[in-house]
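Enquirer: here's my sequence, what's the structure:
(chains A and B)
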There are 2 protein chains.
Amino acid sequence: MKKPSRPEIPRKAIYRLSVYLRCLQRLKNNAIRTVSSEALSKAAGVKSTQLRKDLTYFGQFGTRGLGYDVEQLSIMISDLLGTNSLQPVILVGVGNLGLALLLYKGFEQEGFEILAAFDQDTTQRNKPVKQPIYGMEKIGEFIKRNNVRMAILTLPVAATQEVASTLVGYGVTGILNFAPIVLHVPEDVTVNNVNLAIELENLSYFIQH
Amino acid sequence: MKKPSRPEIPRKAIYRLSVYLRCLQRLKNNAIRTVSSEALSKAAGVKSTQLRKDLTYFGQFGTRGLGYDVEQLSIMISDLLGTNSLQPVILVGVGNLGLALLLYKGFEQEGFEILAAFDQDTTQRNKPVKQPIYGMEKIGEFIKRNNVRMAILTLPVAATQEVASTLVGYGVTGILNFAPIVLHVPEDVTVNNVNLAIELENLSYFIQH
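Expert: As a prediction, this is how the structure comes out:
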């Protein structure tokens, strides 16, 4: 279960590759076949030097002066990110936020499928979502049977650490956590935190200073 | 409407101050009055050298060897972040995600009040939320009357830039954007982006490498 080594590409660069991929997809939708580093960097909101540096992870490619091949670059980035095939994801905690994420269409478009949701509260199970909602007692078997590696946690603070540790025990190595809490996980597990109140608080500072 | 100068505290440090504030609030709830920099940094998931550096923005305070006064430090951070009084916020785009954020109780607990929501689609107006949902034609007057500076945008990609520019024209200077698009705004406006698919994509990379 251990990863062989730490990734060499910094996390920030991985985020930027995701943004480039979205820009490239928009170009593809508009039947645009090549793009200059200046145009792509502008669309992505980064400096063109940054873009060129990020793309050196893929080695040399493209024709000098003609820019990047939109299709080729999209495939290379998707391959690296592992989003060329649908990745199975589970969601734990079917409150308002969890429910909204189950209804959100953006994930599947981007290569992720929320297979099922889990909640301790069995009254949650009749929600109008296409995914099945199971009790927590089924989670271990489900993860193993479906080879799930990624979980979205939309749980109250008090429950989040315990659930995270349980999931890690079953083989989950990537957690998207929405609770305002610092999760303690083994080194080979990646946690990305989305804290909506902290994002607003951050804005609140900047609108005043 | 222009801010006098760029803030001196880096954005990352502002995020960390928000995390410290949450840890301090939990200590306060447990009737703990003082905390060492080691304990607070561990709870916040940062190095203690980082914590001490971040707190130098407040100058010298606390008693050597006794740690930080939980109450005093909470107040200093809240004052800086501007969350001691309830900040008015509006939300634009009442789809699934927008609706979930309207129902989310975490914002008010943290000092933010979503006063009203706006949507072009008038059939959205009968949703079971306590905030009024208005048509877009009312947004300008509402912002001015309520002195709103912050907006949450949960809109489709195609609508987001235009709405953002409109809001900025009415005086909004802080935008929390959920659409996977790079917004172009004047320099004195702060945009924080939350892109849920990109967070998953980032995890997807790390669970494979």
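
Enquirer: by proximity to chain B, which residue of chain A wins?
Expert: Nearest residue of chain A to chain B: A:Ala100, at 3.0 Å (CB to the nearest CB). C-beta here means a position set from N, CA and C on the backbone, and glycine is covered the same way.

Enquirer: show me the shaky parts of chain A.
Expert: Scanning chain A for pLDDT under 70 picks out A:1-7, A:60-65, A:124-125.

Enquirer: walk me through the domains of it.
Expert: Following automatic domain parsing, one gets these domains for chain A: A:11-81, A:87-200.

Enquirer: count the residues that sit near A:Ala68.
Expert: Careful, residue A:68 is Tyr and not Ala. For A:Tyr68, the neighbour count with other CB atoms under 10 Å in any protein chain shown is 24.

Enquirer: list the beta-bridge partners for it.
Expert: Going by DSSP bridges, A:Tyr68 is paired in beta bridges with A:Val35.

Enquirer: from B:Val157, how far out is it?
Expert: Using CB to CB, to the nearest Å, we find A:Tyr68 at a distance of 22 Å from B:Val157.

Enquirer: helices of chain A, residue ranges please.
Expert: Under the criterion DSSP state H, helices of chain A are mapped to A:11-29, A:37-44, A:48-55, A:70-81, A:96-103, A:106-109, A:139-146, A:157-169, A:196-206.

Enquirer: list the buried residues for the second one?
Expert: Buried residues in helix A:37-44, counting neighbours by 16 or more other CB atoms under 10 Å in any protein chain shown, are found at A:37, A:39-44.

Enquirer: ok, which of the helices of chain A comes nearest A:Pro128?
Expert: helix A:96-103 (8.1 Å; CB to CB).

Enquirer: got the angle for the closest one vs helix B:96-103?
Expert: 170 degrees (axes from the mean of the first three to the mean of the last three CA atoms, to 10 degrees).

Enquirer: and helix A:96-103, what does it pack onto?
Expert: Helix A:96-103 sits against strand A:87-92, strand A:112-118, helix B:96-103, with contacts defined as 3 or more CB pairs under 8 Å, 6 or more residues apart in numbering or on different chains; DSSP states H and E.

Enquirer: buried residues of the last one, list them for me.
Expert: Right, helix B:96-103. Buried residues in helix B:96-103, counted by 16+ other CB under 10 Å: B:96-103.

Enquirer: rewinding a little: what about chain B: which of the buried residues of helix A:37-44 touch it?
Expert: Taking CB under 8 Å from any CB of the partner chain as the test, chain B is in contact with A:43-44 out of these.

Enquirer: wait, what's in contact with the nearest residue to A:Leu102 once chain neighbours are set aside?
Expert: Using CB to CB, 6 or more residues apart in numbering or on different chains and skipping the chain neighbours, the partner closest in space to A:Leu102 is A:Val129 (4.3 Å). When the contact criterion is CB atoms under 8 Å, 6 or more residues apart in numbering or on different chains, the partners of A:Val129 are A:99, A:102-103, A:117.

Enquirer: which residue lies nearest the spatial centre of chain A?
Expert: Nearest to the geometric centre of chain A sits A:Leu176, at 7.4 Å (CA atoms, centre = their mean).

Enquirer: distance check, that residue against A:Leu81.
Expert: As judged by CB to CB, A:Leu176 and A:Leu81 stand 15 Å apart.

Enquirer: same thing with A:Gln72?
Expert: Distance from A:Gln72 to A:Leu81, by CB to CB: 15 Å.
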